[in-house]
Each structure stands twice: as C-alpha cells, then as structure tokens.
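Trainee: Predicted model follows, preceded by the sequence.
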Amino acid sequence: MATMRVVAPRLAPMKVAQISKPGGNFEIVEREIPTPGPGQVRVKVQACGVCHSDALTKEGAWPGIQYPRAPGHEVAGTIDELGAGVSVWKKGQRVGVGWHGGHDNTCRECRRGDFRHCQNVQIPGISYDGGYQQYMIAPVEALASIPETLKDVEAAPLLCAGITTYNALRHSGALPGDLVAVQGIGGLGHLGIQFANKFGYKVAAIGRGSENSSLAKQLGANVYIDSKATNAAQELQKLGGARVIMATAPSSKAMSELIDGLGPNGELIVIGATFDPIEVTPIQLITGSRTIQGWVAGTPADSEDTLRFAELSGVRPMIETYPLEKAGEAYERMMSGKAQFRVVLTM
Ligand SMILES: [Zn+2]
Ligand SMILES: [Zn+2]
C-alpha cells in the first residue's frame, strides 16, 4: 500500500476563560487548540463546575501559579485526542477531571499508594489550565470515566463537591442509623445531605435561617436545625450527639460552635475551606474522645466510585448553568453564595 502523508487539518482556535494576573477579572480569549504530550489526553470539555476553590486561582492565593491561567477542576467531557503511550483510554470516551489532577508515581506517598497526598500533586486550574476552556490537556492519572446515564452538567459538580462529601462520609466510620450532621446547605452541603441519606444515616441538616428547611428535607435530611434560631450543638445533643458533623460552610466560627454537638467518638470533618482558625479547647476534645479531621477530595478512582454511586442512588447536584463566555458572571454568582446550588459552565 502506498504511503500517503496525512496532513492534520489546522484546528480552529478555541475559547478560553482565563485570569491573567492575581486578582484580575475573567478574560475570554482565543488560543490554539493544544496537543496532548506523552501520557496525556486532550479532553473536549462539555461542562465545568465553578467551585469556591477557583478563588485560589482568581486571587492568586495558591503559591506558584503561573499566569495566564484558566481555572476549573470539575471538568466533564470527551477524550478527543490521545498522546503517545496512552492505552486503556479511548477517543470518544466520556471522562471527568476533578481536584486531583495528577501525581508523580515516585514520591514516598505515591510509593505507598497514597496518591491523594502526592508531594507533587497537580491540580487542574492551578498547576495547569483547567476546564474553563473548550479543550484541555490532562494526564491520564487525572481521568475518571463517566457513567452513561449521567449528563455532563450533572457529573461535573460531582468531581469536586460530590467526591469530597461522598469520600469524607464513606471513610468517616459512621454506620447506618448513626446521627450525621451536615453543616451548610450549599454547593457541598446539598450533595452531602443526599449522600448521607443514601448511606442510611440519620441526617441532621444545619443551616442559618428557616428558609432552607423544606429543601433540606427534600434532599434527605430527617431533621433541620436552624443555627440562627437555636443552639445547634445543644440540638444535636438532644438527638444523642452526632457521630459525625461534616462542616461544609466556610465559616470557622460556625464550625467551632458545633464541636459540643459531637457525641462520644464524634468526629468533626472539615471540608469548607477557610484561612481562619477553628477554636476548640483540649477539654472539648478529651471529653468523649472527639476528633477534628480535615478531608481533601480523593483520587480519580474515588471520583469513579462517586459517579457510579450517584448513578445508582439518584444523587444529583442542583445546578445553574452559564455559557463559558459568561465565566465572570458565573463566578460572581458562585461567590455571592446565592446560587442554588452549584454553578456549571457549558461550552
Ligand atoms: Zn473544588
Ligand atoms: Zn507522588
């Protein structure tokens, strides 16, 4: 057979929503569609969730970010090109990329199989351009396959908000029937309540004000506690004390106030990210052998578990969608705390 030189057609440029300096605004720019290197794939992005942690990129709060940078670590799309040496993954396959954007496979933690804590862990939108663009390059270590019945806009928020709440709860040690409180009914909390319900816990949702009460119950809460009108820790103690309190709202003060709501061996799981200190006395922790634990999302294998469990159980994010061109508006909406509940960019 005669060899024929196949000239790849020049690809049209793509749209990118980028931040060009710390504290800068979103800019919609055109760039050449990138080519995946060895061990990487190119993902045609279909949807990307807007996460509170995107502020790290927007405001330059994470050390070492190189600008311009496209944020986005809740990416759902389709593999549209494979780099050299990529097997297993196929063109046309639906994949997601979450907070865990790659690991080095060589550091002490990786050698122990603890990829989540890789010393050189990569984060999409921070270490490299994330999902706020029409095409992104991702290393194969970052990929999770998306089950057929989940839509892209539904899968995207599950890759950070979803995996974080699902993974934190499933490793918490709480057993079916235990009292599990979810503090905050927002992007994380509305998923946390659903997962906690599907895991068979007695779910107490804690919000400020009465307005989220009926929604929290629709999502699967057995009890709604209004922390503005009542002392939430006391309310939890009336129910026997929480085995787990998952703190999703980024308020260290609100978290501190809940510690006395923990029962014996109770655990405060911190996933709402802030820079303020949580206040607790040694006596509060010693009494009842209570613990406070932080939790970072999970590996792409955990993402797949999250997506499959969501498919199986019917857990779905509630979303508001914005086109990529309105990334700035979408980000403001997320930051306002008024979104119901997760903002998702569509391409
Ligand atoms: Zn996130
Ligand atoms: Zn490593």
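Mentor: Thanks, I have it. Ligands and ions are numbered 1, 2, ... in the order given.

Trainee: can you pull out the strands in the stretch 201-347 of the chain?
Mentor: In the stretch 201-347 of the chain, the segments counted as strands under DSSP state E, counting those that start in this stretch are 202-207, 223-226, 242-247, 262-270, 291-294, 319-323, 342-346.

Trainee: Distance to ligand 2, mean pLDDT and mean neighbour count added to those, as JSON lines?
Mentor: C-beta: built from backbone N, CA, C; applies to glycine. Compiled in JSON lines, the strands of the stretch 201-347 of the chain are given as follows (distance: least, CB to the ion, whole Å; pLDDT from 0 to 100; neighbours: other CB atoms under 10 Å):
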{"stretch": "strand 202-207", "distance to ligand 2": "36", "mean pLDDT": "98", "mean neighbour count": "26"}
{"stretch": "strand 223-226", "distance to ligand 2": "41", "mean pLDDT": "98", "mean neighbour count": "20"}
{"stretch": "strand 242-247", "distance to ligand 2": "27", "mean pLDDT": "98", "mean neighbour count": "27"}
{"stretch": "strand 262-270", "distance to ligand 2": "24", "mean pLDDT": "98", "mean neighbour count": "21"}
{"stretch": "strand 291-294", "distance to ligand 2": "19", "mean pLDDT": "98", "mean neighbour count": "14"}
{"stretch": "strand 319-323", "distance to ligand 2": "33", "mean pLDDT": "98", "mean neighbour count": "17"}
{"stretch": "strand 342-346", "distance to ligand 2": "30", "mean pLDDT": "97", "mean neighbour count": "25"}
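
Trainee: how near is whichever residue of the stretch 151-300 of the chain sits closest to ligand 1 to Val45?
Mentor: Nearest to ligand 1 in the stretch 151-300 of the chain, going by CB to the ion, is Cys160, at a distance of 3.2 Å. Going from Cys160 to Val45 by CB to CB, to the nearest Å gives 15 Å.

Trainee: Give me the contacts around the lengthiest helix in the chain.
Mentor: Ranked by number of residues, the top helix in the chain under DSSP state H is helix 300-313. Applying CB atoms under 8 Å, 6 or more residues apart in numbering, the external contacts of helix 300-313 come out as 96-98, 100, 116, 141-147, 149-150, 154-155, 158-159, 162-163, 166-167, 194-195, 198, 298, 315-316.

Trainee: let's see 6 Å
Mentor: With contact meaning CB atoms under 6 Å, 6 or more residues apart in numbering, helix 300-313 is reached by 98, 142-144, 146-147, 149-150, 158-159, 162-163, 166-167, 198.

Trainee: Also stretch 36-44?
Mentor: Outside stretch 36-44, the residues that touch it by CB under 6 Å, 6+ apart are 77-86, 89, 135-140.

Trainee: Now that stretch: average pLDDT?
Mentor: Stretch 36-44 carries an average pLDDT of 98.

Trainee: cool, stretch 210-221 as well?
Mentor: 96.

Trainee: and it, C-alpha only, in PDB?
Mentor: Provided in PDB are the C-alpha atoms of stretch 210-221 (Å, rounded to 0.1, in the frame of the first residue of the first chain):
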ATOM      1  CA  SER A 210     -35.500  28.700  58.300                       C
ATOM      2  CA  GLU A 211     -35.700  29.200  54.600                       C
ATOM      3  CA  ASN A 212     -33.700  26.000  53.700                       C
ATOM      4  CA  SER A 213     -35.700  23.700  56.000                       C
ATOM      5  CA  SER A 214     -38.100  22.200  53.400                       C
ATOM      6  CA  LEU A 215     -35.400  21.900  50.800                       C
ATOM      7  CA  ALA A 216     -33.100  20.100  53.200                       C
ATOM      8  CA  LYS A 217     -35.800  17.600  54.000                       C
ATOM      9  CA  GLN A 218     -36.500  17.100  50.300                       C
ATOM     10  CA  LEU A 219     -32.700  16.400  49.900                       C
ATOM     11  CA  GLY A 220     -33.000  13.700  52.600                       C
ATOM     12  CA  ALA A 221     -32.500  15.400  55.900                       C
END
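
Trainee: which parts of the chain sit against ligand 2?
Mentor: 103-104, 107, 110, 118 (CB under 5 Å from the ion).

Trainee: try 8 Å
Mentor: 103-111, 115, 117-121 (CB under 8 Å from the ion).

Trainee: Just those residues: which are in helices?
Mentor: For those, the ones inside helices are 108-111, with DSSP H as the criterion.

Trainee: can you pick the most crowded of the residues you listed?
Mentor: Cys110 (19 neighbours; other CB atoms under 10 Å).

Trainee: any idea how far Gly37 is from that residue?
Mentor: 20 Å.

Trainee: Same check on Ile283?
Mentor: Following CB to CB, the distance that separates Ile283 from Gly37 is 55 Å.

Trainee: what does Lys44 give?
Mentor: 17 Å.

Trainee: Now distance to Val50 too, for the strands of the stretch 201-347 of the chain, in TSV please.
Mentor: Output for those, formatted as TSV (distance: least, CB to CB, whole Å):
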stretch	distance to Val50
strand 202-207	21
strand 223-226	27
strand 242-247	21
strand 262-270	22
strand 291-294	23
strand 319-323	8
strand 342-346	4
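
Trainee: still on that earlier bit, which one's more surrounded, Lys44 and Gly37?
Mentor: Counted by other CB under 10 Å, Lys44 and Gly37 do not tie: Lys44 has more neighbours, with 16 against 13.

Trainee: Run a quick neighbour tally on the closest residue to the more buried one other than its chain neighbours.
Mentor: Sequence neighbours aside, Asp80 is the residue nearest to Lys44 in space, at 4.3 Å (criterion: CB to CB, 6 or more residues apart in numbering). Counted with other CB under 10 Å, residues neighbouring Asp80 total 16.
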